[in-house]
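J.: With the sequence up front, the predicted model follows.
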Amino acid sequence: MLDSPDPEPPARGFLRTPHPVGLAWALLFFVWSMTPSLLPRVWYLQGVATGLSMITGYGIGVLVAWVIRRCGVEPEWSARTKRIGWLALAAAAAILVPLFLVLGSWWQQIIRDLVGVPRAERSYYLLVLLIAVVVALLLLAAGRGIGAATAGLTRLGGRWLPAPVARLGAVVLVLVILVVLLNGALYRGLLGVAEQSAKAADKGTAEGVEQPRLPERSGSPASAEPWDSLGAEGRTFVAGGPSVERIAEVTGAPARTPIRVYAGRESADTVAGIADRVVAELERTNAFDRRVLAVVTTTGRGWVNANVASSFEYVAGGDTAIAAMQYSFLPSALSFVADRETPQVAGRALFEAVYKVWAARPEDRRPKLVVFGESLGSYGGQAAFASGPDLVARTDGALLVGTPNFAEPWGRITAGRDPGSPERLPVVDDGEHIRFASRPEDTALAAPWEFPRLVFWQHASDPITWWSFDLAWHRPDWLREPLGPDVDPGMRWIPMVTFWQVTMDMVFSADVPAGFGHTYGPEAAQLWAEILDPPGWNAAATERVENALRGN
């Protein structure tokens with residue numbers, strides 16, 4: 001019934017006028033975009049997600065209409081039928097748009113209650129439509145510009161070439177230009193500006209962070225790594241953590257001063273050179289004589305989760321050493337999108353450098369060797385291992401947190417899970433060595449847990465773990481199976497829409513309380529207690545450590 005009121009030929013109409021079929025699909029995608037996803041979204045991110053969904057729906061609708069016409073189906077609607085169709089579309093929009101703006105704001109309040117964040121002012125959702133329309137129109141204008149350029153090149157080429165060849169050549173030329181711009185000079189230029197800006201910001205030091213005096217810390221007067229070379233996150237890391245007195249007070253047992261070594265991005269010309277400097281710091285501090293040695297792959301600018309690091313030191317009584325390094329100036333969000341190779345190079349370089357020295361020592365004089373990392377750190381750290389069995393064979397334990405969906409061997413381990421276990425909490429080989437947890441109690445399976453023990457800690461509501469391009473067209477198992485307790489039960493997979501929703505969820509995924517999204521907190525203490533199994537440890541000791549990490 002619906003058809004364009006523009007009397008132009010179909011091909012010109014697709015480029016120059018809003019197509020009614022595309023608009024109908026855009027309305028459908030608007031409705032879908034307001035449904036719940038993993039985390040609560042601020043109104044302006046909802047507007048962006050909705051705008052992206054609307055233009056995606058519009059494009060699909062136009063494509064469907066074009067395919068139908070190319071198949072020879074071109075109904076001739078009367079003027080009256082066209083008018084009725086446009087009125088019906090307008091009426092549907094007048095009802096559905098305000099209805100789902102209200103429903104969307106209501107669903108967001110439910111998700112906020114679920115994750116324990118304050119409710120937002122619902123009236124802001126009136127601006128969602130404005131932002132969505134602006135985003136959709138900008139993208140539509142860009143698309144039409146590309147279409148006009150292609151048509152112009154086709155006409156130009158048609159002077160010398162057959163029409164089909166000219167059209168194909170124009171399309172190829174436009175695609176090449178776009179790739180060169182977006183993935184070539186423009187991409188490199190923007191990335192270079194971002195890196196220079198991040199490098200300048202890296203000179204700063206967080207408020208309250210002071211140079212350590214203890215020789216067990218990099219950046220101290222006894223260290224070969226200058227304080228100013230460590231980067232902002234490195235300085236925070238080496239200056240932080242519990243003191244020997246605090247560990248003894250909390251655990252009620254004798255303790256040692258934990259070792260934390262670190263090297264900054266500017267300490268060497270290559271990633272391998274930075275790793276060698278970290279090993280030199282380990283040897284300087286006699287870290288290989290400690291009971292447990294942890295190798296950490298950091299996120300983009302060198303960040304280490306303070307809860308995971310400090311709880312490790314508490315649980316092991318401070319008889320520990322943690323080795324980490326900075327491999328980039330880019331924040332994690334940019335590294336996530338623009339540079340996935342460097343974290344892997346850094347993860348392999350640091351682990352192999354430490355492992356080489358560790359393996360050369362007599363077996364009875366080696367510390368336990370464990371690995372941990374969060375987000376890009378988990379992704380990069382896993383690059384040192386070919387498989388789950390390799391992780392088990394070459395470490396004495398691991399805590400890998402908030403692993404991105406594209407990480408390996410995480411992906412292969414998850415895909416090879418025992419039948420009947422869900423994707424969000426896989427069981428692997430009955431949990432013999434490797435276990436997955438959203439909450440610490442998830443590690444409690446019926447089968448015995450043998451050493452070494454490895455834990456993948458991931459929340460069902462963490463968009464960093466579940467985001468992938470496949471979300472656009474493929475419903476993942478974690479949305480087929482029963483949802484996790486931290487996910488709104490109303491969430492459903494919707495083609496294309498869920499992809500944009502989860503993409504926007506990632507922006508503030510760490511701005512929620514611990515236990516949800518990409519925020520991993522003091523519960524790390526219980527997981528470390530399971531992994532390390534220190535003598536005499538009990539639930540009361542774990543609770544004391546968690547309280548200490550919360551500042552109680």
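T.: Good, I have the coordinates. Numbers count the residues shown, from 1 in each chain.

J.: gap between stretch 428-445 and the chain center?
T.: Chain-centre distance of stretch 428-445: 22 Å, with C-alpha atoms, centre = their mean, to the nearest Å.

J.: Show me what counts as buried in that stretch.
T.: Across stretch 428-445, burial judged by 16 or more other C-beta atoms under 10 Å covers 428-429, 431, 433-440, 442-443. All C-beta spots, glycine's among them, are computed from the backbone N, C-alpha and C.

J.: residues in contact with that stretch?
T.: Residues from elsewhere that reach stretch 428-445, judged by C-beta atoms under 8 Å, 6 or more residues apart in numbering: 388, 391-392, 413, 416-418, 424-427, 446-460, 484-486, 515, 523, 526-527, 530.

J.: returning to what we had before: the buried residues of stretch 428-445: which two are farthest apart?
T.: D429 and R439 (21.4 Å; C-beta to C-beta).

J.: now the buried residues of stretch 428-445 as a markdown table including pLDDT and distance to G273?
T.: Conversion of the buried residues of stretch 428-445 to a markdown table gives the following (pLDDT from 0 to 100; distance: C-beta to C-beta, whole Å):
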| residue | pLDDT | distance to G273 |
| --- | --- | --- |
| V428 | 97 | 36 |
| D429 | 97 | 39 |
| G431 | 97 | 40 |
| H433 | 98 | 34 |
| I434 | 98 | 33 |
| R435 | 98 | 36 |
| F436 | 98 | 36 |
| A437 | 98 | 36 |
| S438 | 97 | 38 |
| R439 | 96 | 41 |
| P440 | 96 | 38 |
| D442 | 97 | 40 |
| T443 | 97 | 38 |
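
J.: In strands, which of those fall?
T.: For the buried residues of stretch 428-445, the ones inside strands are 434-437, with DSSP state E as the criterion.

J.: so where do the helices sit in the stretch 201-350 of the chain?
T.: 231-239, 244-251, 271-284, 306-315, 332-338, 341-360 (DSSP state H, counting those that start in this stretch).

J.: Quick check: closest non-adjacent residue to S421.
T.: V427 (3.8 Å; C-beta to C-beta, 6 or more residues apart in numbering).

J.: Please verify my assumption that that neighbour contacts R417.
T.: Yes: with contact defined as C-beta atoms under 8 Å, V427 and R417 form a contacting pair (6.1 Å).

J.: pLDDT wise, what is the residue nearest the centre of the chain at?
T.: When C-alpha atoms, centre = their mean is applied to the chain, the residue found nearest the centroid is I464 (2.7 Å). Note on I464: pLDDT of 96.

J.: next one: I177
T.: The model's pLDDT for I177 equals 66.

J.: just to revisit the earlier point, least confident of the helices of the stretch 201-350 of the chain, on average?
T.: helix 332-338 (a mean of 68).

J.: And the helices in the stretch 51-200 of the chain, which stretches?
T.: 79-115, 126-157, 163-180, 186-201.

J.: Confidence-wise, which of those is weakest overall?
T.: helix 186-201 (a mean of 59).

J.: give the contact list for Q526.
T.: Applying C-beta under 8 Å, 6+ apart, the residues near Q526 are 440, 542, 546.

J.: Find the nearest non-adjacent residue to the first one, please.
T.: Taking C-beta to C-beta, 6+ apart as the measure, P440 lies nearest to Q526, with 3.8 Å between them; neighbours along the chain are not counted.

J.: so S328 sits right up against W303, yeah?
T.: No: counting by C-beta under 8 Å, S328 does not reach W303; the two are 10.8 Å apart.

J.: So between the two, which is more surrounded?
T.: S328 (25 against 22; other C-beta atoms under 10 Å).

J.: For that one, give me the pLDDT.
T.: 87.

J.: And the closest residue in space to it that isn't next to it in sequence, how close does it get to P331?
T.: Leaving out its chain neighbours, the residue that sits closest to S328 by C-beta to C-beta, 6+ apart is G300, at 5.2 Å. Plainly put, G300 is 5 Å away from P331 if you go by C-beta to C-beta, to the nearest Å.

J.: Show me which of the two is the more surrounded one.
T.: Per other C-beta under 10 Å, whichever of G300 and P331 has more neighbours is G300, with 26 against 16.

J.: That one is in contact with E374, isn't it?
T.: No: with contacts defined as C-beta under 8 Å, G300 does not count as touching E374, sitting 11.5 Å away.

J.: Please name the spatially closest residue to H19 (chain neighbours excluded).
T.: V62 (5.1 Å).

J.: That neighbour: neighbour count?
T.: 22.

J.: isn't it right up against P18?
T.: No: between V62 and P18 there is no contact under C-beta under 8 Å: 9.5 Å.
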